[in-house]
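Novice: For reference, the sequence and a predicted model appear below.
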Amino acid sequence: MPARNRERPKPAARGARAAAKRGASRRAKPAAGSGRTGADRDAVVARLRAMGSERVRVGMARFGLAEASERAFGVDVGSIRDLGKELRRGGGGPDHALANELWATGWHEARLLAAFVADPARVTPAEMNRWARDFADWAVCDTVCFHLWDRLPKRELAFKRVDAWAGRREEYVKRASFALLACLALHDKEAPDAMFVERLPLIETAAADDRNFVKKAVNWALRAIGKRGGDCADGAIETAARLAESDVACARWVGKDALRELSRRPATKR
């Protein structure tokens, strides 16, 4: 039968067909700003795998990353940072969806890369809590703090996580509190001194935690606050001096080590 003589679809059917077509089109194309697709995630992971080196992977144990090396390809951080820059340029900026997809893979390098491609403006407290619970080594913890979380447009969000995690029992969640505080002290030049001085008691309390990766982060935070000068330096030096006299060995180490560095610095801002 000629096509022109076929029964034409009813208006309702035409409308349903058009709606289905529009829906399929929307599913095929990610919404603007939604990020790349899972296929891109797999391609990025494949690139990381190809960049890996057994020498680097085995050598991770020398830096306290023996457990992490079981889920690692062996890619150095410099190469991961360069790949992050490439992905940001190629995608027109940060890709928060891709960052979360990379994080979910569980691969060590994929989680490091997530810190370099994520969008600080889209980070939420729930996401920070979820990532922090996933921390399994100091390298991922510190990279996320140093390259992402200390760059949030709303600094109060980061400081609230510092407060919330400072008393947590999980080793790397607690480390994240003080690593993030250290990074904020180093990078946020506009934050008032009071935001750091009022958190010195958190440092003084946590200095009694003798776990290696916690006490080193606590020490880092104390030194970083002191390096800001002014009231921060005065408060940090006073805190370090009290800790240096502590009966608790790890707290004493935190205080003495910080004093060695801070006592050589002026207590006022230049």
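Specialist: Structure received. Numbers count the residues shown, from 1 in each chain.

Novice: ok, residue 73 - contacts?
Specialist: Contact analysis of residue 73 by C-beta atoms under 8 Å, 6 or more residues apart in numbering lists 48, 49, 51, 52, 57, 107, 108, 109. Just so you know, the C-beta spots here come from the backbone N, C-alpha and C atoms, and that holds for glycine as well.

Novice: what's the closest non-adjacent residue to it?
Specialist: Nearest non-adjacent residue to residue 73, counting by C-beta to C-beta, 6 or more residues apart in numbering: residue 52, 3.1 Å away.

Novice: ok so, going back, which ones among the contacts of residue 73 lie within helices?
Specialist: With DSSP state H as the criterion, helices contain 48, 49, 51, 57, 108, 109 from among these.

Novice: my read: the third one touches residue 75, true?
Specialist: Yes - using C-beta atoms under 8 Å as the test, residue 51 is close enough to residue 75 to be in contact (4.8 Å).

Novice: out of these two, which sits in the more crowded spot?
Specialist: residue 75 (24 against 17; other C-beta atoms under 10 Å).

Novice: one step back: let's see if you can find the most crowded of the ones in helices among the contacts of residue 73.
Specialist: Most surrounded of the ones in helices among the contacts of residue 73: other C-beta under 10 Å gives residue 109, at 30 neighbours.

Novice: surely that residue meets residue 71?
Specialist: No - judged on C-beta under 8 Å, residue 109 makes no contact with residue 71 at a distance of 9.2 Å.

Novice: Count the neighbours of residue 61 for me.
Specialist: Neighbours of residue 61 using other C-beta under 10 Å come to 12.

Novice: which residues touch it?
Specialist: residue 69.

Novice: how about a cut-off of 10 Å?
Specialist: 67, 68, 69 (C-beta atoms under 10 Å, 6 or more residues apart in numbering).

Novice: Quick check: closest non-adjacent residue to the last one.
Specialist: On the basis of C-beta to C-beta, 6+ apart, the spatially nearest residue to residue 69 that is not a chain neighbour turns out to be residue 60, at 4.2 Å.
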